[in-house]
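K.L.:
what follows is a predicted structure for the sequence shown.
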Amino acid sequence: MERITTKPRNNWQTAVEKLGFGFHTTNIPYWDESAYYSFIMPEVLKLEKATAELWDLCLGAVQHVMDNNLYHQFGIPDYIIPLIEKSWTEDHPAIYGRFDFSYKNGDIKLLEFNADTPTSLYESGIVQWFWLQDFDKSKDQFNSIHEKLIAYWRYLKQYLYDDTLYFTCLKETLEDLTNTEYMRDCAIQGGLETELIFIDDIGWDDNSEVFVDMKEKDIKNIFKLYPWEWMLKEDFGKNIVADKNKSLWVEPAWKMILSNKAILPILWQLYPQCPYILPAYFEADRLTDYVKKPILSREGANIEIVQNNMSIEKTQGEYGKEGFIYQQLCSLPEFNGNYAVIGSWVIGQQPAGMGIRDSTSLITNNTSRFIPHLID
Amino acid sequence: MKKSKYIELVLITAALASCHHSGNKEWESGNHTYIRSDSTAPYGAAIGYGNGGARMWYYAFRPYGNYNNGYYERAGYYSDAIHERANIGSNSFKSSVVRGGFGGGFSVSS
C-alpha cells in the first residue's frame, strides 16, 4: 500500500459533478485526487479475505448477543428486542455494510463496523471507478460494488413484499441523498419498483396503524439511510412495532447490534485468536493504550485516544450517554502526515470493494478526504 | 477485481446533477423567501442555507415525485420548509395521518 501524489484532472470538478457527485467540496475538499493509493494484488486479496472472515464472525456474534440476552450492553430498548430477533430468525433483507480497517505493516485490524447506515458508497462504487478510467484504464480496482448492489437487489426482490420499495433519508443533506439515490438506482436496475420519500415526510396513519407515503399509500418495504438508534428515540419509534403491515426495513433491525460499538468487546471475547480483532473491553482499566469510543457515535465524535493512561487526542460531540467501550490503540498507517482508513464493503454477504479516507489527525472524522485507489 | 467494465446509472446522474445547476435563474432573484409550513403557522423568512447560494435554493425547493402510468405525480419538496400539506401534527381538518415523527437527525455520514 503506497500513497502516490499525482496531478488532478484539469476539469475534475466538472467530471465528478457530471456523475451527480455534488459534495466533492464543502468548505474543505472531500474528494481528493491529488493522490491515490496503490495496492498490489496480494494486499487486496488479503483485505478481501479479512472482510469475508469478519463478516462470518460478526454473524456469530449477533447470535451470541441474542442467545445470552446482552442487549443491555448495547443500550437497546426492550420494546424493540422482539423485532430484532424476528428480523434475524426470519432473515429479513439486508444488503450492505462497511468495515473500517487499519492496514499497517501488513496487519489488518478492525476499527469498527458501519453495519446500518454506511456512507461513501457512491464515491467508492462510482466516482473512483470513473477516476480510474480517466487516469489509467489499464489498471484495475478493488471495486465490484455497483455490480454486486444490482445483483443483490435483484436477488432480494423475492424476499420483499410485492409492493413498492421506498427509499428514505434526511432532507437537505446532499451526501445522504446521493448515497440513497445511488442505492435506489441500483435497485431499479435490479428490477424493483421504487420511490423516494424523505424521512420526515413518512406518515403514520393512526386509524389503520401503518406507515404511509405522501399519497397515503401503505409503505411495506423501505430502505432507510437513517440510523435505527435515531428512529427508536423519535416520535414514530414505537410505531415500528405497532405497524400492522410489519414493514420490512432495510437494513433490518438486527443490524442495530453490529452497528453498535459494543460489538467490539463481544467480538474480542468470542474470537481472541482472530488476527483482525483488537482487544476491546467495556471497562477502562484493562488497557493502558486505548481508544475510548461511545457505543453510539458518528463521524469520529466523542472519541478519546489514551496512551500510557494519558489522553493524547480527543474529539467533542454529543454522544456517550449510552456508554463507552475501550479498544486497544492501533495506530493508523501514516503517509506524509496523512492517516489512512480503509473502508471495506460487504455487499450481499460478500466482499465488494473499498474506499480510502485520509485524515491529518489520528481520529477519522467528517473532515477526512476520500482518496481513490488502484491495483498496480 | 471488477467484473464489469461498463457502468450505467439510470437515475442518479439526471436526478442529482440537476441539483447543481446554477443556471436556473428563476431561483436567483431576491434574497429572502417567506413561507409557512402550515396554514396555522405564521410566515417566517426561510434562510440558513449557508454558502450554497442559488444552487442550494434550487435544490431545496425542487419538487420531487414519481412517474405513474406516464404521469408525473409530485410527492413533496426537497426542502421541508414547504409542503404539500402541513407536515407535522394532525387535527380534525386533516386526515388521520401524522407526519414528521422521524427526521430529527442531522446527517448520517459515517
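P.N.:
Structure's in. What do you need?
K.L.:
how about low-confidence regions in the chain?
P.N.:
Since you didn't name a chain, this refers to chain A. For chain A, the stretches with pLDDT under 70 are A:299, A:364-365.
K.L.:
wait, chain B was what I had in mind.
P.N.:
B:2-5, B:13-95, B:109-110.
K.L.:
scan chain A for its longest helix.
P.N.:
helix A:41-67 (DSSP state H).
K.L.:
hmm, what's the outermost residue in chain A?
P.N.:
residue A:207 (35.8 Å; C-alpha atoms, centre = their mean).
K.L.:
ok, the closest residue to it other than its chain neighbours - contacts?
P.N.:
The shortest distance from residue A:207 to any non-neighbouring residue, by C-beta to C-beta, 6 or more residues apart in numbering or on different chains, is to residue B:96 (4.3 Å). No exception for glycine: its C-beta is placed from N, CA and C like everyone else's. By C-beta atoms under 8 Å, 6 or more residues apart in numbering or on different chains, residue B:96 lies in contact with A:205, A:206, A:207, A:208, B:90.
K.L.:
for residue A:159, same thing?
P.N.:
Taking C-beta under 8 Å, 6+ apart as the definition, contacts of residue A:159 comprise A:91, A:92, A:93, A:248.
K.L.:
filter these to the buried ones?
P.N.:
Buried by 16 or more other C-beta atoms under 10 Å in any protein chain shown: A:92, A:93, A:248, out of the contacts of residue A:159.
K.L.:
any idea how far chain B is from the residue lying closest to the last one once chain neighbours are set aside?
P.N.:
It refers to residue A:248. Excluding its sequence neighbours, the residue lying closest to residue A:248 (C-beta to C-beta, 6+ apart) is residue A:221, at 5.0 Å. Distance from residue A:221 to chain B, counting by C-beta to the nearest C-beta, to the nearest Å: 15 Å.
K.L.:
residue A:221: how many residues sit nearby?
P.N.:
For residue A:221, the tally of surrounding residues (other C-beta atoms under 10 Å in any protein chain shown) stands at 25.
K.L.:
now swap in the one 3 residues further on and tell me
P.N.:
Using other C-beta under 10 Å, residue A:224 has 22 neighbouring residues.
K.L.:
identify the residues contacting the nearest residue to it once chain neighbours are set aside.
P.N.:
Excluding the flanking residues, the one nearest residue A:224 by C-beta to C-beta, 6+ apart is residue A:168, at 5.1 Å. Counting by C-beta under 8 Å, 6+ apart, residue A:168 makes contact with A:180, A:196, A:197, A:198, A:199, A:202, A:222, A:223, A:224, A:225, A:226.
K.L.:
hang on, isn't the fourth one packed against residue A:171?
P.N.:
Yes - at 4.7 Å, residue A:198 and residue A:171 qualify as touching, with contact defined as C-beta atoms under 8 Å.
K.L.:
those two: which is more packed in?
P.N.:
Neighbours per residue (other C-beta under 10 Å) separate residue A:198 from residue A:171, with residue A:198 holding more: 27 against 20.
K.L.:
any idea how far the more buried one is from residue A:168?
P.N.:
Distance, residue A:198 to residue A:168, using C-beta to C-beta, to the nearest Å: 6 Å.
K.L.:
how about residue A:183?
P.N.:
From residue A:183 across to residue A:168, the span is 11 Å (C-beta to C-beta).
K.L.:
what do those two both touch?
P.N.:
A:223, A:225.
K.L.:
just to revisit the earlier point, for the contacts of residue B:96, which one is nearest residue A:355?
P.N.:
Distance to residue A:355, by C-beta to C-beta, is smallest for residue A:205 among those, at 39.5 Å.
K.L.:
isn't that closest one right up against residue B:97?
P.N.:
Yes - Residue A:205 is within contact range of residue B:97, at 5.0 Å (criterion: C-beta under 8 Å).
K.L.:
more neighbours: those two, which one.
P.N.:
Legend: neighbour count by other C-beta under 10 Å for residue A:205 and residue B:97, higher for residue B:97 (20 against 17).
K.L.:
buried stuff in stretch A:152-161?
P.N.:
For stretch A:152-161, by 16+ other C-beta under 10 Å, it's A:152, A:153, A:154, A:156, A:157, A:160.
K.L.:
burial of the nearest residue to residue A:283 once chain neighbours are set aside, as a residue count?
P.N.:
Among residues not flanking residue A:283 along the chain, residue A:326 sits closest, at 6.9 Å (C-beta to C-beta, 6+ apart). By other C-beta under 10 Å, 22 other residues sit near residue A:326.
K.L.:
got it, and residue A:286?
P.N.:
Around residue A:286 sit 13 other residues, with neighbours defined as other C-beta under 10 Å.
K.L.:
what's the answer for the one 3 residues further on, then?
P.N.:
Here the number of neighbours of residue A:289 (other C-beta under 10 Å) works out to 15.
K.L.:
so what's it closest to, chain neighbours aside?
P.N.:
In space, residue A:289 is closest to residue A:329, 4.1 Å off (C-beta to C-beta, 6+ apart).
K.L.:
what of residue A:348?
P.N.:
Nearest to residue A:348 is residue A:152, by C-beta to C-beta, 6+ apart, at 3.3 Å.
K.L.:
repeat that for residue A:5.
P.N.:
residue A:35 (4.8 Å).
K.L.:
and the gap between the one you found and residue A:142?
P.N.:
For residue A:35, the distance to residue A:142 - C-beta to C-beta - is 17 Å.
K.L.:
kindly report the same for residue A:53.
P.N.:
16 Å.
K.L.:
higher neighbour count, these two?
P.N.:
Remark: of residue A:53 and residue A:142, residue A:142 carries more neighbours, 27 against 16, as counted by other C-beta under 10 Å.
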